[in-house]
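Student: Take this sequence and fold it.
(chains A and B)
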Number of protein chains: 2
Amino acid sequence: MDYGDYFLPLADQKQQKQLFEQLLDRCFDFYSGKERDNKFLIYKSADELKDLVQEDLPEEGLPLENLLDVLSKRVGRYSIAQFDPEYLAFPDSGNSIPAMWADIYTKFLNQNMIAFSRSAPIATFIEIQLIEWLRQLIGYEYKSLDQVQSLSEVSGMITTGGHMSNHIAIMSALNHAFPEIKTKGLSSLGFQPAVILSGAISHYSFSSAMHHLGIGQDGLLIADSTSDYTTNLASVEELLKNPPEGKKPFMVVGVAGNSRTTSIDDLGALAKLCRKYGIWFHTDACHGGVLLFSSKYRKMLAGIEESDSVSLDPHKGLFSPYPLSFVMFKQRDTLTQFTRYEKEVRNGGSWDLGYITPFYGSRGFESLKLWLSIKALGLKGLEKAIDDRQTLAYQTSDLITKSGYFAVFNEMSFYRMVFVYYPAKIKDLVSQQHAITPEQKEAVKELIDHYTHLINEELYTSGELCLDEFKLHDLGNFSGLDTKDRFVVMSLTIGNPKQHIEVIEQALQKLFKLCEHYSKEMQDKVEDVLFGNAKHEVKTTNLYGPAGWQ
Amino acid sequence: MDYGDYFLPLADQKQQKQLFEQLLDRCFDFYSGKERDNKFLIYKSADELKDLVQEDLPEEGLPLENLLDVLSKRVGRYSIAQFDPEYLAFPDSGNSIPAMWADIYTKFLNQNMIAFSRSAPIATFIEIQLIEWLRQLIGYEYKSLDQVQSLSEVSGMITTGGHMSNHIAIMSALNHAFPEIKTKGLSSLGFQPAVILSGAISHYSFSSAMHHLGIGQDGLLIADSTSDYTTNLASVEELLKNPPEGKKPFMVVGVAGNSRTTSIDDLGALAKLCRKYGIWFHTDACHGGVLLFSSKYRKMLAGIEESDSVSLDPHKGLFSPYPLSFVMFKQRDTLTQFTRYEKEVRNGGSWDLGYITPFYGSRGFESLKLWLSIKALGLKGLEKAIDDRQTLAYQTSDLITKSGYFAVFNEMSFYRMVFVYYPAKIKDLVSQQHAITPEQKEAVKELIDHYTHLINEELYTSGELCLDEFKLHDLGNFSGLDTKDRFVVMSLTIGNPKQHIEVIEQALQKLFKLCEHYSKEMQDKVEDVLFGNAKHEVKTTNLYGPAGWQ
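Tutor: From the prediction side, this is the model:
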């Protein structure tokens, strides 16, 4: 073989172009649904997929043409299509043409964002310009690019995801509060630093970060949640006032669109509380950050501009392919605490972003896609896409609520709602039993879990409708079953700006049909629980989806 | 505007395809050199680039067609081409067609690697298969995919870069040694954990990690280096035997191709030493890992299979676009210590990679590019590309050495060499002065720094030849100037498998011409230092490139 045929540039430029055009055909065969039998997924079990993939380390290679089949017949055929009209599990549609173009173009550019000279000349300033735009959107003080005089003023950074953005926010707050950690470490402190957040709604990345940062998960102080899935302010204040002995709070986390119900905290009130106690306030706006683009809905985020740090995840609600996340800081020189060359970073002697981006040395030009998306759609275009999606989310929420098949756990906040299969007829029957015992309630709850999962899994494996599934506390007691255990819930998310209400209505008919199908069977079992001698269902040990990870 | 025109799929499939084909034209205009006047870079100063980028947050958008010009006339035109034949600064050529295809295809797939169900069905197993292949290449115990029974057996993970891979390796070793950190944190320890490495050659990510992990940079114990830029074994053993009071070593770092000279430590001897003292041994093979693919050269890595962890960076020497790095672990269940659901991770109850990948929740399918590259080229193709590059590196090294213009700091190890401008004639003159004072030596050293930078910068800004530039200790006293200060060095790297010796010879003529041009001027100044009353040159405060960051 001549390995030269596998590297750009090829001597024959026409052939080179044709090869990449053939690749595009395969890309569109996946997008159109042709390669996946027009389903959002051709479902296979884990063992079946292992068999499809299992292969010894190959000695011999394959001609480029054969790779096209590998990609489409092997990889694409069994991949999931998050942009499919019948995919309603996560908002990550990733179908913005400007964002995809930027990502494709940047594979050819292959700039290395670690450094300015020899690595990423203009890309460095495009990224800094974008960070100023994001500052403006949040409501932070911002500058025109020519007024940014040094790296120490660059006060936001791109990361690979919300997990990392939240991690860097905690790390920044921690080092801001206890700068001696840099050289002497946490073991030099005589106490455990602590973070306050609401456990039932916070993302799992926070407790992970407590572990990974060496603070220890015992340093997480858990505040209560409200019945509408937001942070309980009084509970936060109580922890600020009277932290457990040996623990010193340095940060409070507010949630702007939790990953379960997308409910939004009262950010202004949390910010005020944090100022009162002199504590760093972080807002996890990985989901809710999209509302910054809407003059109509951004008031749901009122107070976000008072946060010391904010996480944003455009690869979730902003139509961009992975990876794309940001952590932003109110104070200009926050990232400067992570450089070893403070003087040069402060005096403008260097534009090497690698000096101020912890965890990232050599890295690609992922920021190009958000810069280009904003230029392509403009604020007006993005606003309209987000406002229309919001309308669609409310309409969809009505369809679910009015169907009568579900106990709905949250009012649609901005694009996600959560519900369990609990037909009104059955719920009425249960609620009429005044002498119902806790054990009977528990048995009904288990039936709800069972059928919620059964229906959702049947839809998923058929490739006909994809809803999310995870575990969630019924904080508002919407089931009326007074349980502290988490339910297995279905969740519906409107992410794709190409969605239409007619398509959603049609897709939901498949859900409603199954709901109707199982209603008699479930009612019989519930009646057995209430009036007969039914045994408890076996509890499932399935872990379910990431939205419910704790 | 109709924002629907900006999202896939478009109603007109032919138009949709044409749009992406137009993008490809722009991609190839960058690649061919057309868009950048056939230079590796059209150089602009930082201020000029700021002016090109500076723009208010746009209210109105742009038609898709206009974006093509934005990409090529604005972004591409002022970007650097690392794959250009005259770019010899870093090995990151990124020009593998299979890798680029995979990255483009995966932008359409947009799988979310956090979870198996609803997110990344077949992609999950392709990533696990790839990790087994990498285990085999390192020389770790490996399995066929159908024998991998649970997530706890998946003992390697993809990351965004070597910085992160090294960070996760330290974090793994730290938690392995002191598991109480998970809940109680480092502040519960009565001592400072410590990492031993050779300071002059180790990557800056290690001291960063000490800070970011909360261990503290004082926990870094610095061993000596040898005159050929490897870790001094006796010095490591001394630190293991007699660590400073209050510090407890838990890890030794070996370097398989340091980022400055690509010199490779005696990994087998370091591993043996670590076993003797019961200490975790990590090998940073971000550069040297490419040699695993060569049966001829992999013996330079002998002992790597004894490492407890290994970092690999295919986006450096293995022709892949960013981002692509891996951290691998000898012991199967190393990553299991980071999950909160140990039972399910051990019993095969879940295939959600997000349970065992610290720092990464939602993320894209970046691993596809290495899986596809290995399938495309096979071991034989990759081996031939690497072996040929090695031959080319030796040939290039000869050209530099024999030119007589340089003091060369290292023998070509595998693809990188370092040298300073110090013509033999001048060096001879200086070495003949037996009564030379330390001040005179220092002045000569500063002249070397001055002209090395001057020549390199002139080449860089002309867009004619790109060598790297950073600061480095002259460990072998190759300059003969007995200085402990770091020199400003030029560095040449052979990364691109499309390189040919004729092209390199031609490119180096530009370097040699400038070297000749400045030799008289420099000699005059050196003579002033030796025989006249020359004042010291002003020391530069420039920080130079990332390879020299400490």
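Student: Ramachandran coordinates for the nearest residue to A:S479 once chain neighbours are set aside?
Tutor: Spatial nearest neighbour of A:S479, excluding adjacent residues (Cβ to Cβ, 6 or more residues apart in numbering or on different chains): A:A407 at 4.8 Å. The way it works is simple: take the backbone N, C-alpha and C, and place the C-beta from them, glycine included. Per-residue torsions, A:A407: phi -90, psi 120 (degrees, to the nearest 10).
Student: Just give the number of residues close to A:A407.
Tutor: For A:A407, the count of nearby residues is 24 (other Cβ atoms under 10 Å in any protein chain shown).
Student: Tell me what it is bridged to.
Tutor: Beta bridges link A:A407 to A:V420 when assigned by DSSP bridges.
Student: Can you read off the pLDDT for it?
Tutor: pLDDT, A:A407: 98.
Student: Contacts only, for it.
Tutor: A:419-420, A:422, A:427, A:448, A:474, A:478-480 (Cβ atoms under 8 Å, 6 or more residues apart in numbering or on different chains).
Student: what's the answer for A:Q111, then?
Tutor: Contacts of A:Q111 by Cβ under 8 Å, 6+ apart are A:119-120, A:123, A:364-365, B:79-80.
Student: ok, now with 6 Å
Tutor: Taking Cβ atoms under 6 Å, 6 or more residues apart in numbering or on different chains, we find A:Q111 in contact with A:120, A:123, A:365, B:79.
Student: Give me the pLDDT for A:A194.
Tutor: pLDDT, A:A194: 98.
Student: returning to what we had before: put together CSV for the contacts of A:A407, with secondary structure on each row.
Tutor: What follows is the contacts of A:A407, written out as CSV (DSSP: H, G, I helix; E, B strand; the rest coil):
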residue, secondary structure
A:F419, strand
A:V420, strand
A:Y422, coil
A:K427, helix
A:I448, helix
A:D474, coil
A:F478, coil
A:S479, coil
A:G480, coil
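Student: Looking at these, which is nearest chain B?
Tutor: Nearest to chain B among the contacts of A:A407 is A:F419, at 16.8 Å by Cβ to the nearest Cβ.
Student: hmm, back to that, turn the buried ones among the contacts of A:A407 into a named PyMOL selection, would you?
Tutor: Listed next is the PyMOL selection for buried residues among the contacts of A:A407, using 16 or more other Cβ atoms under 10 Å in any protein chain shown:
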select buried, chain A and resi 419+420+422+427+448+474+478+479
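Student: And the residue nearest the centre of chain A?
Tutor: A:K316 (5.4 Å; Cα atoms, centre = their mean).
Student: and the host helix or strand of it, anywhere near chain B?
Tutor: For A:K316, the host element (DSSP states H and E) is helix A:314-317. No: applying Cβ under 6 Å from any Cβ of the partner chain, one finds helix A:314-317 separated from chain B by no less than 6.7 Å.
Student: contacts for that helix?
Tutor: The contact list for helix A:314-317 (Cβ under 6 Å, 6+ apart) reads A:91-92, A:287, A:290, A:320, A:322, A:324, A:370.
Student: Next secondary structure after it?
Tutor: Tracing the chain C-terminally past helix A:314-317 and defining elements by DSSP H and E, one meets strand A:325-329 next.
Student: Take the helix or strand just after that next one, keep the C-alpha atoms, and write them as PDB.
Tutor: Using DSSP H and E, the helix or strand that follows strand A:325-329 towards the C-terminus is helix A:342-347. The C-alpha coordinates for helix A:342-347 follow below in PDB (Å, rounded to 0.1, in the frame of the first residue of the first chain):
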ATOM      1  CA  GLU A 342       1.300  36.600  35.900                       C
ATOM      2  CA  LYS A 343       3.400  39.600  34.900                       C
ATOM      3  CA  GLU A 344       3.300  38.800  31.200                       C
ATOM      4  CA  VAL A 345      -0.400  37.900  31.300                       C
ATOM      5  CA  ARG A 346      -1.200  41.200  33.000                       C
ATOM      6  CA  ASN A 347       1.000  43.400  30.900                       C
END
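Student: Helix A:342-347: which residues count as buried?
Tutor: Here helix A:342-347 shows A:344-346 as buried, counting by 16+ other Cβ under 10 Å.
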